[in-house]
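Novice: can't give you the sequence, but here's the structure:
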């Protein structure tokens, strides 16, 4: 006896088989697509793992380019903070001894983030050579010449990605306690005199790589025991100014929190900034790479 409530005609039986065959074909096709998707998923996972390993390696190489501790000038203490927003950074800094009495300090921030900006930092570090040796003698390259060289090479290279850089180069004379620097597009360095109020060190210098023939002003600053000087990329400005990204009167030293820096012991100077980065909610500021180099002249 048939389970159907009514007899099925041969035409209806044929249609039912046709529908069943169609459903079976669809299911087989779906199973095939699912197998393909699983294979592609495995390939994407493998590619992601390979890319992740490459980025991890790039991060290790980039950090290996940073100077070792102890490269700072004699008669001064140096502290650094390097906080990429991602595993690789568009920021880089260097502290290198140029001769018996002079130390070079460099700081740069390539436009953008990620791998392209990180690759550009390798190029920047190559240009930041503060000493030239020739015929058994040498000369210390003035900071403005360093920046002009970087500007020229960036313009000649004509990079499509991350074509612009902000940078600063300084030479500190241990003998004279004199700092000579030039900047191109970076925030103005901040001087915190011993017992005095912080103030910006104003100098002329625009974005590097934007135009041929840059104009970078060299500035000399005579320092005294207890004086502190702060070099930093604009990530610190973004952090301290919040989501609007602007300091009162375009002077970061007018930010109340920044003014408190002068009261902190040098040993905890940058630790407090590091803590502030961790404690600031992502939506409260435009996240950016942060690099800070702080120096205090000793007695």
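Specialist: Okay, I see it. Quick caveat: nothing in here was measured; it's all calculated off a predicted structure.
Novice: please identify the helix or strand for residue 258.
Specialist: helix 256-259 (DSSP states H and E).
Novice: can you give me the mean pLDDT across that helix?
Specialist: Averaging pLDDT along helix 256-259 yields 73.
Novice: who does the nearest residue to residue 96 once chain neighbours are set aside form a beta bridge with?
Specialist: With Cβ to Cβ, 6 or more residues apart in numbering as the criterion, residue 96 has its nearest non-adjacent residue at 5.0 Å, and that residue is residue 104. Glycine gets a C-beta too; all of them are placed from N, C-alpha and C. Beta-bridge partners for residue 104, by DSSP bridges, are residue 96, residue 171.
Novice: from residue 281, how far off is residue 187?
Specialist: 23 Å (Cβ to Cβ, to the nearest Å).
Novice: hmm, I was thinking of residue 89
Specialist: 21 Å.
Novice: more neighbours, these two?
Specialist: residue 89 (26 against 6; other Cβ atoms under 10 Å).
Novice: confirm that one sits in a helix?
Specialist: No. Under DSSP: H, G, I helix; E, B strand; the rest coil, residue 89 sits outside any helix and is assigned coil.
Novice: wait, it sits on residue 62?
Specialist: Yes. Using Cβ atoms under 8 Å, residue 89 is in contact with residue 62, at 6.6 Å.
Novice: number of residues surrounding the nearest residue to residue 196 once chain neighbours are set aside?
Specialist: Among residues not flanking residue 196 along the chain, residue 262 sits closest, at 8.0 Å (Cβ to Cβ, 6+ apart). Counted with other Cβ under 10 Å, residues neighbouring residue 262 total 17.
Novice: again, but for residue 66
Specialist: 15.
Novice: what do residue 89 and residue 62 both touch?
Specialist: Contact criterion Cβ atoms under 8 Å, 6 or more residues apart in numbering; residues shared by residue 89 and residue 62: 118, 121.
Novice: fine by me, thanks again.
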